[in-house]
Every structure is written in C-alpha cells, then in structure tokens.
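S.K.: this is the structure alone, sequence omitted:
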C-alpha cells in the first residue's frame with residue numbers, strides 16, 4: 001500500500017493528469033450498502049431457519065441461521081427487493097418478494113421478513129364455500145419417493161366423525177375430505193374444523209402412505225408425502241394379500257425394497273433387547289438384538305410409519321420417507337411405562353371410532369365375545385392376556401419362562417386345531433412366535449373382539465398352515481381408535 005501511494009505521489013509530481021484520473025476513479029467506486037434482518041415463520045411459529053434470501057436480479061444471497069437472522073453486504077446502491085426461498089414455501093406454492101427499497105451508499109437497512117399467516121394462506125388457497133364448511137386446511141405435496149416426480153392423480157384423504165344435532169336428537173356422522181394431487185404434485189384439503197386431530201393418507205392404485213397425524217389447532221398443517229413410483233405400486237398390488245398366514249421371514253426377506261436399520265434405547269441410552277420394530281404399512285417386523293440394533297429389508301418406498309413396542313415401555317413411533325433401494329438409519333428411544341390410576345372418561349371420539357370400525361354393530365349382533373373400553377378401565381389388568389382370561393372358549397398354558405400360550409378349545413368348533421390368530425387395528429399379526437401380549441401394555445388397548453372359528457366375520461378370517469380355521473382375537477389400540 002505504501003509503495004502504491006509513493007508511486008502515485010511521484011506521478012502527481014511529474015504531471016497533473018494522473019492525479020485527476022486517480023481521484024475520478026476513487027469517486028466512481030461505489031460505496032456499498034448492507035441489508036440485514038430476521039425471517040419469521042408465521043405458519044409454524046418461531047423463526048424461518050435455513051431459508052435462502054436473495055437480492056432479486058443478482059447473484060447475491062445468504063441463508064438464515066437458527067434464529068432466522070441474515071445479512072447481505074456489498075449491495076450496489078439503488079432500488080432493490082429481496083426474494084425468499086424455503087421448502088415450506090415450495091410446499092405451499094407461496095413466493096415471498098419484499099417491496100422495493102431504495103438503498104443509499106453505505107446505508108445499513110434492517111428488515112423483518114415474515115411468511116403469510118395461516119389465515120392469509122387459507123384465504124388464498126381455499127374458496128369461500130370451503131372455508132364456510134370449516135376454517136382450517138391441510139396443504140402439501142405428494143411426490144414419487146425415488147424419481148422425485150409429482151404423484152399426479154393420487155388422492156389425499158382424511159376422515160373423522162362429528163355430531164349432528166337436529167330436532168330428532170344427536171347422531172354420529174362421518175365426514176370425509178378428498179383432494180387430487182395436481183400435475184405439480186400439490187394438494188389442498190379445505191373446509192376442515194380447527195379442533196381436528198386426524199390422519200392424512202395419500203393413495204394411488206394399491207399403494208398408500210402411512211396415516212400421518214396432523215394437528216389443526218393453528219388453522220393449518222403442512223405435509224410432504226411420498227409414494228412409490230407407479231411401477232412399484234403395481235408390483236405391490238400383485239403381491240400376495242397381507243391377510244394370509246405368511247411367516248414374518250417370508251415377508252422381510254423379499255428381494256429389493258428399502259432397508260431400515262437402527263437402534264432402540266431406553267431413557268438412559270441403554271440398548272433395549274427384544275423390542276418389536278414394525279413398519280406398519282408393510283407388516284414388516286424385526287426384534288432388536290442384545291445391543292438394541294435391528295434391520296428390516298424389503299420395505300416399500302414412500303412415507304411409512306415405524307413403531308417400536310416393548311412390554312414395560314411406552315410405544316415409540318416415527319414417520320420416515322423411504323426410497324426403493326436406499327437405506328435409512330432410525331434411532332428410537334423408549335420411555336418407561338408409569339401406571340397411573342385415574343378416572344378414565346371414554347370420549348365421544350373413541351366411541352365414534354368403534355362405530356366406524358364396526359365394533360359396535362358386531363357387538364349388537366352378539367356373535368363372539370366383546371371387551372369394551374369401560375370393561376378394560378374397570379378391571380385394571382396387569383397384562384393384555386389378563387383381559388382374555390374371561391373368554392370361555394380360550395385356553396391358557398403357562399410355560400416355564402412365565403409366558404402364556406393362548407389357544408382355542410378344539411371341542412368348540414369341529415375341525416379346528418385350536419390355533420389362534422390376532423388382528424391389531426385391522427392388520428393381521430404376522431409374528432407367530434410372540435403374541436401382542438409381549439409388546440402391548442393393557443393401557444394401549446381400547447377394545448377387544450374374540451371369535452371362535454364358526455363365528456369369525458369375513459373381514460377377520462384366518463387359517464392355520466394346514467388350512468384349518470382359527471380362533472381370532474381382534475385388538476383395537478387406544479391410539480388407533482383416536483386416530484381413525
């Protein structure tokens with residue numbers, strides 16, 4: 001720098017023109033401005049993290065930090081506006097562009113950028129008639145898990161039960177909202193009640209995503225769902241029905257599919273051995289080893305639910321997006337179950353679920369043995385099998401290790417071998433080694449149906465390996481009744 005000044009001084013001594021040129025160049029050099037500020041997430045609350053903030057029309061950009069802060073320097077003075085990009089905004093189909101601001105040389109402009117409010121977004125995305133049916137909405141996208149292409153034509157659905165009041169009284173009515181996925185991969189479910197907690201499912205052909213639970217207390221929920229590609233869905237639909245008596249190994253070792261592996265620990269980070277890990281939508285199951293690890297292969301691509309259960313622990317659940325030939329690592333933590341004796345109110349929501357799944361109608365017909373939520377609460381059982389001991393046509397054999405083997409009495413229905421099969425939330429239990437008693441606490445159970453072979457409804461028919469009809473025990477979980 002000193003050498004440069006000395007050279008410039010020598011040039012000025014020899015001639016006036018170099019000094020004039022240098023001064024003009026210094027005056028021509030722009031004095032840059034700075035824009036700094038904070039981006040707020042008005043949809044989910046808090047700060048808008050990892051958003052890209054761009055000076056529109058330039059290559060200048062930055063990313064917001066964990067507190068939503070950003071700063072862009074070296075901005076040429078003049079009129080500018082900022083453009084904000086974020087996956088949340090892409091899912092909503094919303095573009096944020098600020099009003100133009102005129103920047104003076106050396107100015108430092110402070111800006112507060114906010115996403116639109118849920119009410120503003122719903123007003124823009126939903127019609128007045130839809131909003132009149134309900135003020136809340138679920139907005140999101142559905143893309144193919146592997147290709148990333150929009151799942152155009154897929155259907156997104158949510159159902160719930162409400163109460164209809166008239167002069168004739170109060171009755172339960174089932175409500176449903178459907179939406180088609182657009183060619184851009186977007187969907188909107190409008191006209192929903194803002195006190196709703198429900199499951200959202202995307203479906204195309206024979207394949208569906210997991211039922212993803214949403215809370216609409218803020219007025220809006222944002223979802224990004226994934227389905228297998230069409231060819232994968234067709235292959236799945238051609239596979240054997242999940243309601244066959246297929247051993248777990250035959251399901252989990254099929255060729256192709258996603259790989260899910262991970263570890264299950266307790267609250268103190270110690271490995272949990274013998275926990276059941278299940279991919280709900282594929283009926284795939286694994287048991288954790290002594291170090292708490294597990295591995296499941298052959299899972300379908302898409303949005304899936306992974307549930308972990310172990311007697312004495314509260315169940316843990318997470319939702320993951322799987323790719324057809326990819327691997328996903330999942331670490332789940334189980335909390336100790338703490339029994340609390342309290343007055344249990346059977347909510348209208350659970351009773352409505354029992355109406356929807358047919359429990360109430362089948363109970364009214366009187367075929368089989370039915371254990372209601374009120375009976376479960378009154379008896380305060382220690383294990384799930386304790387709830388079944390009152391069923392006259394079931395037999396219990398206690399093994400040396402304390403485990404109960406439940407079987408049917410062969411004399412009840414001629415030709416039966418006394419085999420027992422389970423359904424949990426309408427899905428056949430494929431683990432033929434351990435029963436649900438090994439993985440569920442009684443507090444997890446909302447209602448039970450038990451049928452001898454000659455009274456099993458068509459939806460729950462199950463057979464032994466030799467083709468003989470089995471006794472069937474249908475368990476409805478408390479969480480499942482509340483979600484459906």
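M.R.: Perfect, thanks for sending it. Because the structure is predicted, anything quoted here is derived from the model rather than measured. Numbers count the residues shown, from 1 in each chain.
S.K.: CA atoms for contacts and neighbours, from now on please.
M.R.: Noted.
S.K.: surely residue 46 is in contact with residue 39?
M.R.: No: if you go by CA atoms under 8 Å, residue 46 and residue 39 don't touch, sitting 9.2 Å apart.
S.K.: those two - which one has more neighbours?
M.R.: Comparing residue 46 with residue 39 by other CA atoms under 10 Å, the one with more neighbours is residue 39, at 24 against 13.
S.K.: ok but the more buried one is inside a helix, no?
M.R.: No: Residue 39 is assigned strand when assessed by DSSP: H, G, I helix; E, B strand; the rest coil, not a helix.
S.K.: so what's it up against?
M.R.: 47-49, 64, 68-70, 112-115 (CA atoms under 8 Å, 6 or more residues apart in numbering).
S.K.: what of residue 439?
M.R.: Counted by CA under 8 Å, 6+ apart, residue 439 has contacts 275-276, 309-311.
S.K.: give me that answer again for 7 Å
M.R.: Residues near residue 439 by CA atoms under 7 Å, 6 or more residues apart in numbering: 276, 309-311.
S.K.: narrow the residues you listed to those that are buried.
M.R.: Buried members of these, scored by 16 or more other CA atoms under 10 Å, are 276, 309-311.
S.K.: pLDDT of the strand or helix carrying residue 112, averaged?
M.R.: Applying DSSP states H and E as the criterion places residue 112 in strand 108-114. Mean pLDDT, strand 108-114: 95.
S.K.: for the nearest residue to residue 330 once chain neighbours are set aside, helix, strand, or coil?
M.R.: Nearest-residue entry for residue 330: residue 262, 4.6 Å, with adjacent residues in sequence omitted and distances by CA to CA, 6 or more residues apart in numbering. What three-state DSSP gives for residue 262 is strand.
S.K.: quick one: pLDDT of residue 262?
M.R.: On the pLDDT scale, residue 262 is placed at 93.
S.K.: and the gap between it and residue 431?
M.R.: 20 Å (CA to CA, to the nearest Å).
S.K.: looking at these two, which one has more neighbours?
M.R.: Ranked by neighbour count (other CA under 10 Å), residue 262 and residue 431 place residue 431 first, with 20 against 16.
S.K.: from residue 42, how far off is that one?
M.R.: Taking CA to CA, one finds residue 431 at 46 Å from residue 42.
S.K.: now swap in residue 207 and tell me
M.R.: Residue 207 is 34 Å from residue 42, by CA to CA.
S.K.: please say which of these two ends up with more neighbours.
M.R.: Taking other CA under 10 Å, residue 207 and residue 42 do not tie; residue 207 has more neighbours (22 against 14).
S.K.: ok, which stretches of the chain are helices?
M.R.: Secondary structure of the chain (DSSP state H): helices at 2-14, 17-28, 87-92, 118-125, 128-133, 230-237, 248-252, 348-356, 359-365, 373-379, 384-388, 478-483.
S.K.: picking that back up, need the residues that contact the strand holding residue 112.
M.R.: With contacts defined as CA under 7 Å, 6+ apart, strand 108-114 is touched by 33-42.
S.K.: all strands for the stretch 251-400 of the chain, in order.
M.R.: For the stretch 251-400 of the chain, the strands defined by DSSP state E, counting those that start in this stretch occupy 258-266, 276-279, 284-287, 293-299, 302-309, 313-314, 316-322, 327-336, 369-371, 394-398.
S.K.: list the buried ones in the longest one?
M.R.: Of the residues in strand 327-336, those scored as buried under the neighbour-count criterion (16+ other CA under 10 Å) are 330, 332-334.
S.K.: packing partners of that strand?
M.R.: Here strand 327-336 touches strand 258-266, strand 313-314, strand 316-322, going by 3 or more CA pairs under 7 Å, 6 or more residues apart in numbering; DSSP states H and E.
S.K.: again, 6 Å this time
M.R.: strand 258-266, strand 313-314 (3 or more CA pairs under 6 Å, 6 or more residues apart in numbering; DSSP states H and E).
S.K.: quick check: mean pLDDT of the last one?
M.R.: Mean pLDDT, taken over the full extent of strand 313-314, equals 84.
S.K.: surely residue 404 meets residue 395?
M.R.: No: Residue 404 lies out of contact with residue 395 (CA atoms under 6 Å); the separation is 9.7 Å.
S.K.: identify the contacts common to these two.
M.R.: Listed as contacting both residue 404 and residue 395 by CA atoms under 6 Å, 6 or more residues apart in numbering is no residue at all.
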